[in-house]
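>>> Show me the folded form of this:
(4 chains)
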There are 2 protein chains.
Amino acid sequence: MNKYYTITELTREFGISTRTLRFYEDEGLIHPERRGRTRLFRTADRRLIMEILRGRRIGFTIAEIREIIQVYKDPPGEAGQLRLLMKRVEEKREELQQKRKDIEETLEELNNVEEACLTRLAEIGVGT
Amino acid sequence: MNKYYTITELTREFGISTRTLRFYEDEGLIHPERRGRTRLFRTADRRLIMEILRGRRIGFTIAEIREIIQVYKDPPGEAGQLRLLMKRVEEKREELQQKRKDIEETLEELNNVEEACLTRLAEIGVGT
DNA sequence: GAAAAATTTGACTTTTACGTCAAAGTCAAT
DNA sequence: ATTGACTTTGACGTAAAAGTCAAATTTTTC
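Purely as a prediction, here's the structure:
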C-alpha cells in the first residue's frame, strides 16, 4: 500500500502544528516527498518525527537532534571521526544519566508531596 | 559559623553566571540577604539554587520551579487546593515517567552507536 | 586611603522553537 | 466552475532564559 500521510494527519496524531513540521523540514530534520508543492509523508518520515519528538522531550536542541539523525544516515568511516563520535556519545550518556537521576529524585519528591496532601486531607475532612 | 557565600563563589561552583542568579532573584526564586546592596547567600540559598538547577536540567520552566518552591514554602490548607495540587502532582509524575522512558530508550541507542563504532574501528584499524 | 577587584543596576540584545498572520495556490466534491 | 477545506510560502512576532555592556557603587587589599 505504501500509504501517504498528510501533514494534518500527523499534526493531529502527535499534537503538534503544521508550523512545527515545516520548521523541522526547514531545519533539515525531515524531507517529505512532494506532489506538486504538497508534502507527502511516508511511514519512514512518521517514524523520524517520533524520534525527533522524543529528542525534544528529553531536551535536545534541534542542532543535537539533527546531529543524531546525521550519524544514523551516514556513520563516519574514518578512525578519528569514530573516536570523536564515541567521545560525544560518552558525554551524552553522562548528561542523560544525570538527567535520569534528577528525574528520579524529583519523582521521589512528588511522592512526598502526595503523601503530605493525603495526610492533610485526612486531618481536615474525614471524607476522602 | 553560618557562612556567607558570595555570588561569584556560587557561580563558580555551579557553572552559572551572576546574571543567572540575579535573574532567579528577579523571578522570585531566591531571596538572598543584603548587606547594603551586596547579596549574601546562605547555605539555605545554596541548597535552593541546587534544586533550581535540578529543575532546570529536567526541563522545568521558571514558572514551574517557582510553583514547586511555593508549595514547599506554604503548602495549601484547603481541601480543594489540596486536591488540585494532587492532580498537578499526578500530571507531573506522568510527564517525568515519560521523560525517563525517553531517556532510557536513548541510552540504549547510545549503546548501539558505541558498539557500532567499536566494531567499525576493529574492522579498519587493528589497533584499538 | 587609594587603587584594584568585585558587585549592582538597568537597558538592550540574543537564541531557540516555534506562533501568527496574509496571500496565494491546490484539491475534492458538488 | 465554484465552493470549501487544506496547504504552502514568506514575513514578522513572541516568550523564555539568559547574555552583554556600561556606569555607578562597594568592598577588599595593600
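>>> which parts of chain A sit against chain B?
Applying C-beta under 8 Å from any C-beta of the partner chain, we find that chain A lies next to chain B at A:54-55, A:57-59, A:71, A:75, A:77, A:79, A:82-83, A:85-86, A:89-90, A:92-93, A:96-100, A:102-107, A:110, A:113-114, A:116-118, A:120-121, A:124-125. Every residue, glycine included, has its C-beta placed from N, CA and C.
>>> Tell me which helix or strand the most centrally placed residue in chain A sits in.
The C-alpha lying nearest the average C-alpha coordinate of chain A belongs to A:Arg54 (C-alpha atoms, centre = their mean; 1.8 Å). Assigned by DSSP states H and E, A:Arg54 belongs to helix A:43-58.
>>> helix or strand right after the helix or strand of chain A with the lowest mean pLDDT?
In chain A, the helix or strand scored least confidently by mean pLDDT, DSSP states H and E is strand A:33-35, which has a mean of 92. The C-terminal neighbour of strand A:33-35 among helices and strands, as given by DSSP H and E, is strand A:38-40.
>>> Return the list of helices and strands in contact with that following strand.
strand A:33-35 (3 or more C-beta pairs under 8 Å, 6 or more residues apart in numbering or on different chains; DSSP states H and E).
>>> Go ahead and report the secondary structure state at A:Leu121.
Using DSSP: H, G, I helix; E, B strand; the rest coil, the structure places A:Leu121 in helix.
>>> and the helix holding A:Arg54, is it in reach of DNA strand C?
Yes. Using C-beta under 7 Å from any atom of the strand, helix A:43-58 comes into contact with DNA strand C via A:Arg56.
>>> In the helix or strand that that helix is followed by, which residues are buried?
Downstream of helix A:43-58, the first helix or strand assigned by DSSP H and E is helix A:62-73. For helix A:62-73, the neighbour count (16 or more other C-beta atoms under 10 Å in any protein chain shown) marks A:Ile62, A:Ile65, A:Arg66, A:Ile68, A:Ile69, A:Val71 as buried.
>>> Output helix A:62-73 as PDB, restricted to C-alpha atoms.
The C-alpha coordinates for helix A:62-73 follow below in PDB (Å, rounded to 0.1, in the frame of the first residue of the first chain):
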ATOM      1  CA  ILE A  62      17.300  21.000  17.100                       C
ATOM      2  CA  ALA A  63      21.000  21.000  16.300                       C
ATOM      3  CA  GLU A  64      21.600  18.000  18.500                       C
ATOM      4  CA  ILE A  65      18.700  16.100  17.000                       C
ATOM      5  CA  ARG A  66      20.000  16.900  13.500                       C
ATOM      6  CA  GLU A  67      23.400  15.600  14.500                       C
ATOM      7  CA  ILE A  68      22.000  12.300  15.800                       C
ATOM      8  CA  ILE A  69      19.900  11.800  12.600                       C
ATOM      9  CA  GLN A  70      23.000  12.600  10.600                       C
ATOM     10  CA  VAL A  71      25.000   9.900  12.400                       C
ATOM     11  CA  TYR A  72      22.400   7.400  11.600                       C
ATOM     12  CA  LYS A  73      22.200   8.400   8.000                       C
END
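>>> for the record, mean pLDDT for that helix?
Regarding helix A:62-73, the rounded mean pLDDT is 95.
>>> one step back: chain center to the least confident helix or strand of chain A, what's the gap?
25 Å (C-alpha atoms, centre = their mean, to the nearest Å).
>>> still on that earlier bit, give me the pLDDT value at the residue nearest to the centre of chain A.
pLDDT at A:Arg54 comes out at 97.
>>> what sits against the residue nearest to A:Ser17 when sequence neighbours are not counted?
Distance criterion C-beta to C-beta, 6 or more residues apart in numbering or on different chains; nearest residue to A:Ser17, sequence neighbours excluded, is A:Thr11 at 5.9 Å. Applying C-beta atoms under 8 Å, 6 or more residues apart in numbering or on different chains, we find A:Thr11 in contact with A:Ser17, A:Thr18, A:Thr20, A:Leu21.
>>> got TSV for these, with distance to DNA strand C too?
Output for these, formatted as TSV (distance: C-beta to the nearest atom of the strand, whole Å):
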residue	distance to DNA strand C
A:Ser17	3
A:Thr18	8
A:Thr20	4
A:Leu21	9
